[in-house]
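**Student:** Predicted structure and sequence below. I'll ask about it afterward.
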Protein chains: 2
Amino acid sequence: MAHAHEVSDRPYHHGDLSRALVQAGRRILENEGPAALSLRAVAREAGVSPAAPYHHFKDKCDLMNAVAKEGWMELGAAVAKARSQAPEARAAMTNIGVAYVCFARDNPALYRTMYDSACDRETMGDHPKEADSGWRHVREALIDAGADPADERELELATIGAWCAAHG
Amino acid sequence: MAHAHEVSDRPYHHGDLSRALVQAGRRILENEGPAALSLRAVAREAGVSPAAPYHHFKDKCDLMNAVAKEGWMELGAAVAKARSQAPEARAAMTNIGVAYVCFARDNPALYRTMYDSACDRETMGDHPKEADSGWRHVREALIDAGADPADERELELATIGAWCAAHG
DNA sequence: CACCTATCTGAACGATGTCAACATATCTTT
DNA sequence: AAAGATATGTTGACATCGTTCAGATAGGTG
């Protein structure tokens, strides 16, 4: 294995491009918004040719899904942390709702990408369900937090609250 | 005009292109999905050159907003109709929710476009608020139906229900 | 009639997603 | 270690897209 050298060195083989591409995607998302998130831009940001990502992702959609998945992971982590910081189930629920809204408010571009990626996956029916496990993951974390199915309404309110916070 | 070898004569000046473009957009939306909804495709479907729409719409975004606005109008009409068919406020609310969900379920592509157009408008802050009056229009129709601000929660539940119905 | 304005066409530009052919680095096998 | 196999990256090309610009064409107004 090549020594994972510094940026100045171009080992031709980047070591872990998939990771770098996802990170580049997130950087673009934060700095230039969702509209600027193109395959070529991500490759440019990562310092590779426009065709390089195709050895790690099937599609542009596939890359976006990877970025979105990272977002879901972080959301899930934030939600889990929020849950663990409240002993009672009821307080945990509101804590989780707050964490959800905060995440959407602090990372609007990422949240939008997560949302879009989920929509496209459902609409086109391409991927079976592997990548949107993030959404269910968060949901299960909530239910695991002691939410009755009836109390899921609270989550849904939190979700739409997050949407409002993210997009006006 | 040099020749008229088509049955339906295109008088070079297409009586009402804006209308035709929006209709073409909706046709593409229904037949080929949101991914196929490009400016050029709409112009193609309407039988005009790719540059023609620019005399009626500022942007591609502007055209999409027009399509979305039509969608909001129809949603508003459906909601108003649903409201008028229930005498009591409580029943009207649930009626409206059903109408909302049905609309999203029956026109998923349109609904998605409406949603996206609203998101982009908020995110980029381009248009002041002229075109998203559709959303507020529907909302006001609901409040007008006798909804306390507290009961708006019901509407929000209906909204997220519609989202679920539309995208899985 | 001439003029003006709105509308449409045609060709062009840059950017994008994607692919095929080729180059180079790493891994495996002997 | 030599030699192939495999993974990863580059170049170049193609079709499409959004958009603009110079000209053609109509309808309306003096």
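**Tutor:** Yep, it's here.

**Student:** residues touching residue A:87, list them.
**Tutor:** Residue A:87 makes no contacts at all, as judged by CB atoms under 8 Å, 6 or more residues apart in numbering or on different chains. Any C-beta I mention is one placed from the backbone N, CA and C, and that applies to glycine too.

**Student:** any idea of the pLDDT on it?
**Tutor:** Note for residue A:87: predicted pLDDT of 84.

**Student:** how close does it get to DNA strand D?
**Tutor:** Counting by CB to the nearest atom of the strand, to the nearest Å, the gap from residue A:87 to DNA strand D is 46 Å.

**Student:** Could you pick out the residues of chain A near DNA strand D for me?
**Tutor:** By CB under 7 Å from any atom of the strand, the residues of chain A that approach DNA strand D are A:12-15, A:17, A:47-52, A:55-56.

**Student:** got any ranges where chain A has weak pLDDT?
**Tutor:** For chain A, the stretches flagged by pLDDT under 70 are A:1-13, A:119-168.

**Student:** do you know how far residue A:118 is from DNA strand C?
**Tutor:** As judged by CB to the nearest atom of the strand, residue A:118 and DNA strand C stand 18 Å apart.

**Student:** Repeat that for residue A:18.
**Tutor:** In terms of CB to the nearest atom of the strand, residue A:18 sits 15 Å off from DNA strand C.

**Student:** Equivalent analysis for residue A:49, please.
**Tutor:** Counting by CB to the nearest atom of the strand, the separation of residue A:49 from DNA strand C is 8 Å.

**Student:** Near that residue, how many other residues are there?
**Tutor:** By other CB atoms under 10 Å in any protein chain shown, the residues close to residue A:49 number 11.

**Student:** Surely it and residue A:40 touch.
**Tutor:** No. Taking contacts as CB atoms under 8 Å, residue A:49 lies outside contact range of residue A:40: 9.4 Å.

**Student:** what do the two both touch?
**Tutor:** Both residue A:49 and residue A:40 lack any common contact, where contact means CB under 8 Å, 6+ apart.

**Student:** And for residue A:88, the neighbour number?
**Tutor:** If you count neighbours by other CB under 10 Å, residue A:88 ends up with 9.

**Student:** coming back round to it: quick one: which of the residues of chain A next to DNA strand D sit in helices?
**Tutor:** Counting by DSSP state H, the residues of chain A next to DNA strand D place residue A:17 in helices.

**Student:** C-alpha coordinates for stretch A:56-75, PDB please?
**Tutor:** These are the backbone C-alpha positions of stretch A:56-75, laid out as PDB (Å, rounded to 0.1, in the frame of the first residue of the first chain):
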ATOM      1  CA  HIS A  56     -16.600   4.100  -6.700                       C
ATOM      2  CA  PHE A  57     -20.200   5.000  -7.500                       C
ATOM      3  CA  LYS A  58     -22.600   3.800 -10.100                       C
ATOM      4  CA  ASP A  59     -24.300   7.100 -10.700                       C
ATOM      5  CA  LYS A  60     -24.400  10.700  -9.700                       C
ATOM      6  CA  CYS A  61     -27.400   9.500  -7.700                       C
ATOM      7  CA  ASP A  62     -25.300   6.900  -6.000                       C
ATOM      8  CA  LEU A  63     -22.900   9.500  -4.900                       C
ATOM      9  CA  MET A  64     -25.600  11.800  -3.600                       C
ATOM     10  CA  ASN A  65     -27.100   8.800  -1.700                       C
ATOM     11  CA  ALA A  66     -23.700   8.300  -0.100                       C
ATOM     12  CA  VAL A  67     -23.600  11.900   1.000                       C
ATOM     13  CA  ALA A  68     -27.200  11.700   2.200                       C
ATOM     14  CA  LYS A  69     -26.500   8.500   4.100                       C
ATOM     15  CA  GLU A  70     -23.700  10.200   6.000                       C
ATOM     16  CA  GLY A  71     -26.200  12.900   6.900                       C
ATOM     17  CA  TRP A  72     -28.600  10.300   8.200                       C
ATOM     18  CA  MET A  73     -25.900   8.800  10.300                       C
ATOM     19  CA  GLU A  74     -25.200  12.100  11.900                       C
ATOM     20  CA  LEU A  75     -28.800  12.800  12.400                       C
END
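
**Student:** buried ones in it?
**Tutor:** A:56-57, A:61-72, A:74-75 (16 or more other CB atoms under 10 Å in any protein chain shown).

**Student:** just to revisit the earlier point, same list, the residues of chain A next to DNA strand D, but as JSON lines with distance to residue A:105 please.
**Tutor:** Listed next are those as JSON lines, based on distance: CB to CB, whole Å:
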{"residue": "A:12", "distance to residue A:105": "41"}
{"residue": "A:13", "distance to residue A:105": "39"}
{"residue": "A:14", "distance to residue A:105": "34"}
{"residue": "A:15", "distance to residue A:105": "35"}
{"residue": "A:17", "distance to residue A:105": "31"}
{"residue": "A:47", "distance to residue A:105": "32"}
{"residue": "A:48", "distance to residue A:105": "33"}
{"residue": "A:49", "distance to residue A:105": "36"}
{"residue": "A:50", "distance to residue A:105": "34"}
{"residue": "A:51", "distance to residue A:105": "37"}
{"residue": "A:52", "distance to residue A:105": "34"}
{"residue": "A:55", "distance to residue A:105": "36"}
{"residue": "A:56", "distance to residue A:105": "31"}
